[in-house]
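K.L.:
From the sequence below, what's the structure:
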Amino acid sequence: MGADVYIATDEDEAWPKQHARSLDLIVCTVNSHKMPLTEYLGLLRVYGTFIQVGAPEDVLPELDAGALIGKGIKIGGSMIGSPTQIEDMLQLAAGKKIKAWIQTVAMRDANRAIVDQDAGKARYRYTLVNESNL
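P.N.:
I've put the predicted structure just below:
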């Protein structure tokens, strides 16, 4: 996808220490209450920002206030940006030729897609489409 580095949290048990204080910003799309929030915050540099955009069905995990206070971390959330921010982001994506990574699935296979999604098989988003659009 063009990244210089990525963190495979399911494949590398040492990721929290290996990548500690390496990021300025995390935009978290995780929608599970089981996410390792404290470990994610440990990835942020001093005055880093954590923005939650995924919406867990349950509450977010507990976190240690020291993870925020010690580094001056800011936490926020967003469902969507302002119209100006959306336009700016779309212009940036178009200018950099960024395209979404999706898998299209026929509507008739929606149930299978849900099962596969729950099993973690989606890479990276499923998009349900009418068969005439496949």
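K.L.:
Now do the strands in the protein.
P.N.:
23-28, 44-52, 74-77, 103-106, 126-129 (DSSP state E).
K.L.:
Show me which positions of the fourth one end up buried.
P.N.:
For strand 103-106, the buried set under the neighbour-count rule, 16 or more other C-beta atoms under 10 Å, comprises Val105. Quick note: C-beta positions are derived from backbone N, CA and C, even for glycine.
K.L.:
ditto for the longest one
P.N.:
Burial within strand 44-52, assessed by neighbour count using 16+ other C-beta under 10 Å, is assigned to 44, 48, 50, 52.
K.L.:
which residues touch the spatially most central residue of the chain?
P.N.:
By C-alpha atoms, centre = their mean, the chain has its centre lying nearest to Thr29, at 2.9 Å. Going by C-beta atoms under 8 Å, 6 or more residues apart in numbering, Thr29 touches 53-54.
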